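> Below are the sequence and a predicted model; questions follow.
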Amino acid sequence: MSKLLQLRGGTTSEHSSFTGALREVTVDTTKDTLVVHDGSTAGGFPLLKEGDVTNANFTGADLEIAKGGTGASTAGAARTALGVVIGTDVQAYDANTAKLDEAANFTGALQNGGSNVVVDTDIGATVGYLNIPQNSQSAAYTLVIGDAGKHIFHPAADTTARTFTIPANASVAYTIGTAITFINMTSQVVTIAITSDTMYLSDAGTTGSRSLAQYGSATAVKITATNWIISGSGLT
């Protein structure tokens with residue numbers, strides 16, 4: 001036959017005036033929880049039960065950061081304790097700064113040492129280089145998308161005439177405004193050609209391939225989807 005363990009119990013009000021013996025356990029019938037006694041404290045120490053701790057009834061001290069808490073009881077105090085104060089430690093949300101990705105345009109004022117820098121360009125576009133990187137070629141060469149903003153260099157060591165070709169927009173779609181420079185250091189002429197699209201010689205307005213003499217330097221700029229304009233020294 002099974003045995004039944006039944007503890008003494010009473011309401012919360014009755015417990016408040018009851019001092020149980022050391023290590024005695026009673027039942028609070030109002031809270032439906034156990035109460036542990038120490039022999040001297042009236043009311044004893046009620047135990048928590050499942051579902052007891054909620055935002056509405058939690059009255060304990062703020063949980064320390066080192067123990068996984070925030071050390072605070074409000075959102076603002078928590079951000080301060082964690083070092084993420086909005087506007088001080090982290091950037092506040094702004095509709096313009098939210099657009100700083102390669103798919104969106106940004107127009108506004110950026111703070112730079114206390115001064116406003118007006119930005120009205122597409123930050124999603126290629127920013128380019130701080131210098132003009134070199135692509136040295138000693139053979140006939142058709143430019144690639146990675147040549148945008150670079151200079152195509154024909155070194156003195158290559159004593160053969162070469163042709164450097166700008167591909168058609170249909171195959172390599174450089175961004176309008178792309179600039180590419182050509183430099184020839186050899187006595188042999190470098191021909192700067194273009195495939196199907198149009199390249200204008202600056203000032204003259206004539207079109208077609210161009211010849212670049214020794215020590216010549218020329219820069220071609222894309223001005224429309226299928227048009228370039230080229231100018232420089234030693235260029236005919």
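Noted; the coordinates are in hand.
> any weak-confidence spans in the protein?
Where the chain drops to pLDDT under 70, the residues are 1, 53, 55-59, 96-128.
> One more pass at 90, please.
1-5, 48-76, 78, 81-131 (pLDDT under 90).
> any idea which strand is longest in it?
In the chain, with assignment by DSSP state E, the single longest strand is strand 210-224.
> Export that strand to CSV, keeping only CA atoms.
Output in CSV follows, covering the C-alpha atoms of strand 210-224 (Å, rounded to 0.1, in the frame of the first residue of the first chain):
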residue,chain,number,x,y,z
ARG,A,210,45.0,56.2,-83.0
SER,A,211,48.7,55.9,-83.1
LEU,A,212,50.8,56.6,-79.9
ALA,A,213,54.5,57.5,-80.5
GLN,A,214,57.4,56.8,-78.2
TYR,A,215,57.1,58.6,-74.8
GLY,A,216,53.5,59.4,-75.7
SER,A,217,50.7,59.4,-73.2
ALA,A,218,47.0,59.4,-74.0
THR,A,219,43.8,59.1,-71.9
ALA,A,220,40.5,57.8,-73.2
VAL,A,221,37.3,58.8,-71.4
LYS,A,222,34.0,57.0,-71.9
ILE,A,223,31.4,59.7,-72.5
THR,A,224,28.3,57.7,-73.5
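> Now tell me what touches that strand from outside.
By Cβ atoms under 8 Å, 6 or more residues apart in numbering, the surrounding residues in contact with strand 210-224 are 166, 174-192, 199, 201, 228-236. Backbone N, C-alpha and C define where each C-beta goes, glycine included.
> Name every strand pairing with that strand and say which way it goes.
strand 179-184 (antiparallel), strand 190-194 (antiparallel), strand 227-235 (antiparallel) (DSSP bridges).
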